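Engineer: Here's my sequence, what's the structure:
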Amino acid sequence: MVQLDEKLYLYLLGIIPIMVLLFLMVQVWKKSKQREFANSKLLKKLAPERSSFKATIKLITLLAGLSFLVLALVNPKIGTKLETVKREGVDIVFAVDVSKSMLAEDIAPNRLEKAKRLVSEIINQLASDRIGIIAYAGQAFPQLPITTDYGAAKMFLQSMNTEMLSSQGTAINSAIDLAATYYDDAEQTNRVLFIISDGEDHSEGSTAEAVERAVQNGIQIYTIGVGKAKGAPIPIKRNGVVESLKKNSEGEVVISRLNEPVLAQIANTGNGEYINGSYTEDAVSFIKEELAKMDKKEFEAKQFAEYKDQFQWFLAIAAFFLFLDIFILDRKTKWLKKLNLFNEH
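Structural biologist: Numbers count the residues shown, from 1 in each chain. Predicted coordinates for the structure are as follows:
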């Protein structure tokens, strides 16, 4: 298992293409000026020891040295031992609505991006809880199974969009039923489901039944509303540009509204709370307090331990290439000249 200490330094690798571009520009300029001064045969006679490829070799060694120096600054670490540790926490599943109505922009930048930010901020507040993610629209789809890998959770979260499910609509009941399969520990009593949605539900009758089944399985349901009660149209975009607004069968612009009563009813029946997600900080703070009140279940988790620094290897390689660059001269090397590998005479 590899761990990077200072990922920010990886941005320095952006210098490499800039240096290559500058090198090519200089070479073009030099050749242009040389042609103005004399033809190639005369130049070879005037400077017989000038190498035509050494400049490129020097650039390659310099860039290699800088690349390994950047990797040394990043300081990769390798986990040398996998061990099982005891952790205490709650099993949490996030069900995120990815239906088209989540594209409404009554809350910046839109409802879906707001939902993703809320989930990300909640994850930032967790310590040792296990989490899973579900995406749902007309049907529910398992996005990430129960895990303690918060980094992977955020990666999967950011990849969620309204195009990932072909079946449109909003079937909250499917999300609840799928969430019930996420809790793999029969003795786990602390099971929490967060439904992040604008409250549009096209399966209201069966949703109530799904909530009851979840409660019987010991699942506590919290709902987080994203959007505004006054609503907003649903933009249809191409390459980030609004082409039109979603319309119904009668040709009228559809206005999608936050349905707080539906979400509040689900939370009330599910022994949880409804939370308005308009203010991220307040919502996350409330959720943090709610989770802190819950009893923690002990479980086992495997993780890498005893990470060892590896920067010294990259630093040594970087030093080798940088010293090599110093000792490579622009003129021809005598023994290479005799071999004539590059057909320079």
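Engineer: need the next SSE after the helix or strand harbouring Tyr222, C-terminal direction.
Structural biologist: Tyr222 belongs to strand 219-225 when assigned by DSSP states H and E. As assigned by DSSP H and E, the chain's next helix or strand after strand 219-225 is strand 232-233.
Engineer: Strands of the chain, start to end?
Structural biologist: 2-4, 76-89, 91-97, 130-136, 140-147, 191-197, 219-225, 232-233, 235-238, 241-245, 255-256, 274-276, 297-309 (DSSP state E).
Engineer: What is the end-to-end distance of stretch 271-282?
Structural biologist: Taking C-alpha to C-alpha, to the nearest Å, the first and last residues of stretch 271-282 lie 21 Å apart.
Engineer: Does Pro145 touch Gly132 like I think?
Structural biologist: Yes: here Pro145 lies in contact with Gly132, judged by C-beta atoms under 8 Å, at a distance of 5.6 Å. Using the backbone N, CA and C atoms, a C-beta is placed for each residue, glycine as well.
Engineer: Please identify which of those two sits among more neighbours.
Structural biologist: Gly132 (24 against 14; other C-beta atoms under 10 Å).
Engineer: Am I right that that one is in contact with Asp184?
Structural biologist: No: using C-beta under 8 Å as the test, Gly132 is too far from Asp184 to be in contact (9.9 Å).
Engineer: what touches both of these two?
Structural biologist: Both Gly132 and Asp184 are contacted by Ile146, under the criterion C-beta atoms under 8 Å, 6 or more residues apart in numbering.
Engineer: if we can go back for a sec, residues shared between the contacts of Pro145 and Gly132?
Structural biologist: With C-beta under 8 Å, 6+ apart as the test, Pro145 and Gly132 both reach Tyr182.
Engineer: quick one, domains of the protein?
Structural biologist: For the chain, automatic domain parsing gives the domain ranges 2-75+310-339, 84-301.
Engineer: Could you identify which of the ones you listed has the lowest mean pLDDT?
Structural biologist: Among those, domain 2-75+310-339 carries the lowest mean pLDDT, at a mean of 77.
Engineer: how far away is the closest residue to Ser174 other than its chain neighbours from Val98?
Structural biologist: Distance criterion C-beta to C-beta, 6 or more residues apart in numbering; nearest residue to Ser174, sequence neighbours excluded, is Ala140 at 3.9 Å. Using C-beta to C-beta, to the nearest Å, we find Ala140 at a distance of 10 Å from Val98.
Engineer: same deal with Asp149?
Structural biologist: Taking C-beta to C-beta, one finds Asp149 at 22 Å from Val98.
Engineer: out of the two, which sits in the more crowded spot?
Structural biologist: Remark: of Asp149 and Val98, Val98 carries more neighbours, 25 against 14, as counted by other C-beta under 10 Å.
Engineer: Burial check on the residue nearest to that one when sequence neighbours are not counted, number of neighbours?
Structural biologist: Sequence neighbours aside, Ala135 is the residue nearest to Val98 in space, at 4.9 Å (criterion: C-beta to C-beta, 6+ apart). With neighbours defined by other C-beta under 10 Å, the count for Ala135 comes to 26.
Engineer: Show me the beta-bridge partners of Ala135.
Structural biologist: Counting by DSSP bridges, Ala135 is bridged to Val96, Phe141.
Engineer: does it really touch Phe94, like I thought?
Structural biologist: No: the criterion here is C-beta under 8 Å, and Ala135 misses it with Phe94 at 9.6 Å.
Engineer: Work out the gap between stretch 107-116 and the centre of the chain.
Structural biologist: 16 Å (C-alpha atoms, centre = their mean, to the nearest Å).
Engineer: same question, stretch 283-302
Structural biologist: Distance, stretch centre to chain centre, for stretch 283-302: 24 Å (C-alpha atoms, centre = their mean).
Engineer: Check which residues of that stretch are buried.
Structural biologist: Using 16 or more other C-beta atoms under 10 Å as the test for burial, stretch 283-302 gives 283-284, 286-287, 290-291, 297, 299.
Engineer: where's the residue nearest to Ser174 relative to Tyr150, distance?
Structural biologist: Applying C-beta to C-beta to Ala140 and Tyr150 gives a distance of 22 Å.
Engineer: And those two? Which one has more around it.
Structural biologist: Ala140 (21 against 15).
Engineer: In this structure that one contacts Ala95, no?
Structural biologist: Yes: here Ala140 reaches Ala95: they are 7.2 Å apart, a contact under C-beta under 8 Å.
Engineer: what residues are up against Ser159?
Structural biologist: Taking C-beta under 8 Å, 6+ apart as the definition, Ser159 has no contacts.
Engineer: And the helices in the chain?
Structural biologist: Along the chain, the segments classed as helices by DSSP state H run 15-37, 40-46, 54-74, 111-124, 150-158, 172-180, 204-216, 260-269, 280-293, 311-327, 334-339.
Engineer: Just the angle for the first one relative to helix 54-74, thanks.
Structural biologist: Read that as helix 15-37. Note on geometry: by axes from the mean of the first three to the mean of the last three C-alpha atoms, to 10 degrees, helix 15-37 and helix 54-74 are set 160 degrees apart in direction.
Engineer: buried set for helix 15-37?
Structural biologist: Phe23.
Engineer: What helices and strands are in contact with that helix?
Structural biologist: helix 54-74 (3 or more C-beta pairs under 8 Å, 6 or more residues apart in numbering; DSSP states H and E).
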